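Student: missing the sequence, but the structure's below:
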């Protein structure tokens, strides 16, 4: 049986695994840590703004399994917060075991604490990968979903140091890029000032450390907005360091905006704890992730893969990529849709079948092609791309693609002749 090996078990890796498994190939996921989902363990925001359109498009394409799981685990649906409409918030505590069970039910073989340390090549083809423990995994096609955050030295050199984030590099070893190990020169994202990378955009607060009125509002509505006293207010320029530029709005500089994902998700790159505790209702606030959330968070976009619109990595015959590895993409939805296409195409190549390129008449196909071309320009490498805001969402609206009308979204997929194309 043809075999696909996926390096990285975040949202992109999990989506790749599901899509490849539907093609009746053997699927192996190698995850560096002891849990799946990566930054999805602290994220939780789905369906906001253009992500609704992309989600329903993916469901129509036949790769909506993980989106249906996030809907199932949602604590709140159809909520609004500044700049964002019809959002869902999944429970970050229950999501990972739900996804793990689903992958195992699809026959996916998952290996935890399997940090890939070496790649064996034959010409421009990967033959097998080896973990730091010495285990070897051969395959017909490989997918790099290792992300772009970390390791520790990048957070120290380009950020505020290691803040003990969900990536847990000190415990499980730093991220290793499969693309780089295969000898491909990667693309590095930059900020507007030319400095390298971008800071991960939010933190988690221990909900029970907040005043009861805030907790009650979070549990009831999913959102709590607390004005920041003027003398404690951060400059709006601080928001430009965020990877998640869809939240770089003045409301996020003027208020503490919390979302209920089981914990209290704080929508800011970082907020010094001694200042945070001066805000009404937050006198006992405590960071849950990263533990040093008052100092900073992980640095991202330190190494992306040059690739085509089938998400095949340039220079390696049988390597695909997804999630942040595929470009300056922000978010779980973006990881899942690129992961699904990478998994489908990796399985197609393993089975000697034609690869799929989604047309730009679809929001997913347009985003994949647009981000690829943008990354080839100096200005494009300073931007971040997400269906929920900033450059990509504005593009969706300009092209008339943003919609919450299910018939309209499905109609576009049907007109492209791609209904349920990824079902197997």
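Tutor: Great, that's in hand. Remember, predicted model here, so these are calculated numbers, not experimental data. Numbers count the residues shown, from 1 in each chain.

Student: so what's residue 103 up against?
Tutor: 14, 17-18, 21, 29, 36, 110 (C-beta atoms under 8 Å, 6 or more residues apart in numbering). No exception for glycine: its C-beta is placed from N, CA and C like everyone else's.

Student: I meant residue 136, not that one.
Tutor: Contacts of residue 136 (C-beta under 8 Å, 6+ apart): 128-130.

Student: for these, give me a markdown table that also has pLDDT, distance to residue 318 and neighbour count.
Tutor: Output for the contacts of residue 136, formatted as a markdown table (pLDDT from 0 to 100; distance: C-beta to C-beta, whole Å; neighbours: other C-beta atoms under 10 Å):
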| residue | pLDDT | distance to residue 318 | neighbour count |
| --- | --- | --- | --- |
| 128 | 98 | 11 | 15 |
| 129 | 98 | 12 | 25 |
| 130 | 98 | 17 | 15 |
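
Student: mind listing which of those residues are in helices?
Tutor: Secondary structure from DSSP state H places none of the contacts of residue 136 in helices.

Student: picking up where we left off before, most widely separated two among the contacts of residue 103?
Tutor: 21 and 36 (14.6 Å; C-beta to C-beta).

Student: can you give me the strands for the stretch 251-400 of the chain?
Tutor: Assigned by DSSP state E, counting those that start in this stretch, the strands in the stretch 251-400 of the chain fall at 255-260, 264-266, 287-289, 299-300, 319-321, 385-386, 389.

Student: what comes into contact with the fourth one?
Tutor: By that I understand strand 299-300. With C-beta under 8 Å, 6+ apart, strand 299-300 has contacts from 147-150, 154-155, 158-159, 189, 196-200, 243, 324.

Student: care to break the chain down by domain?
Tutor: Domains of the chain are assigned by automatic domain parsing as 3-74+92-194+300-423, 201-289.

Student: nearest to residue 81, out of the ones you listed?
Tutor: Comparing the domains of the chain by C-beta to C-beta, domain 201-289 comes nearest, at 4.9 Å.

Student: dig out what residue 74 forms beta bridges with.
Tutor: With beta bridges defined as DSSP bridges, residue 74 has these partners: residue 90.

Student: what about the nearest residue in space to residue 338 that is not next to it in sequence, neighbour count?
Tutor: With C-beta to C-beta, 6 or more residues apart in numbering as the criterion, residue 338 has its nearest non-adjacent residue at 4.1 Å, and that residue is residue 322. Residues lying near residue 322 (other C-beta atoms under 10 Å) number 36.

Student: same check, this time on residue 11
Tutor: 32.

Student: how many other residues sit next to the residue lying closest to it once chain neighbours are set aside?
Tutor: Leaving out its chain neighbours, the residue that sits closest to residue 11 by C-beta to C-beta, 6+ apart is residue 335, at 3.9 Å. Residue 335 has 31 neighbours, counted by other C-beta under 10 Å.

Student: who are the neighbours in contact with residue 335?
Tutor: 10-12, 15, 40, 145, 322-324, 329.

Student: top of those by neighbour count?
Tutor: Counting by other C-beta under 10 Å, top hit in the contacts of residue 335: residue 322 with 36 neighbours.

Student: how far away is the closest residue to residue 232 other than its chain neighbours from residue 282?
Tutor: Closest residue in space to residue 232, ignoring its immediate chain neighbours: residue 275 at 5.3 Å, by C-beta to C-beta, 6+ apart. Distance of residue 275 to residue 282, given as C-beta to C-beta, to the nearest Å: 10 Å.

Student: tell me the residue furthest from the middle of this protein?
Tutor: residue 231 (34.2 Å; C-alpha atoms, centre = their mean).

Student: need phi/psi at it.
Tutor: Reported as degrees, to the nearest 10, the phi and psi values for residue 231 are phi -70, psi -10.

Student: give me the distance between it and residue 67.
Tutor: 43 Å.

Student: likewise residue 88?
Tutor: Taken as C-beta to C-beta, the span from residue 88 to residue 67 is 10 Å.

Student: residues shared between the contacts of those two?
Tutor: residue 46.

Student: off-centre distance for the longest helix along the chain?
Tutor: Assignment by DSSP H gives helix 332-350 as the longest helix of the chain. Chain-centre distance of helix 332-350: 13 Å, with C-alpha atoms, centre = their mean, to the nearest Å.

Student: ok, now which ones touch the closest residue to residue 222 other than its chain neighbours?
Tutor: Excluding its sequence neighbours, the residue lying closest to residue 222 (C-beta to C-beta, 6+ apart) is residue 76, at 3.3 Å. Residues in contact with residue 76 (C-beta under 8 Å, 6+ apart) are 87-89, 221-222, 260.

Student: who wins for most neighbours among these?
Tutor: residue 89 (27 neighbours).

Student: flag every buried residue along stretch 112-131.
Tutor: 114-116, 119, 126, 129, 131 (16 or more other C-beta atoms under 10 Å).

Student: just for this structure, where's the confidence low?
Tutor: 234-248 (pLDDT under 70).

Student: now do the helices in it.
Tutor: Under DSSP H, the chain gives helices at 11-22, 50-61, 65-72, 95-105, 152-158, 169-172, 178-181, 212-221, 250-254, 273-276, 332-350, 363-374, 390-398, 406-415.

Student: let's have the ones you listed in a markdown table, adding distance to residue 307.
Tutor: What follows is the helices of the chain, written out as a markdown table (distance: least, C-beta to C-beta, whole Å):
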| stretch | distance to residue 307 |
| --- | --- |
| helix 11-22 | 13 |
| helix 50-61 | 19 |
| helix 65-72 | 22 |
| helix 95-105 | 24 |
| helix 152-158 | 21 |
| helix 169-172 | 25 |
| helix 178-181 | 9 |
| helix 212-221 | 40 |
| helix 250-254 | 32 |
| helix 273-276 | 40 |
| helix 332-350 | 9 |
| helix 363-374 | 7 |
| helix 390-398 | 17 |
| helix 406-415 | 23 |
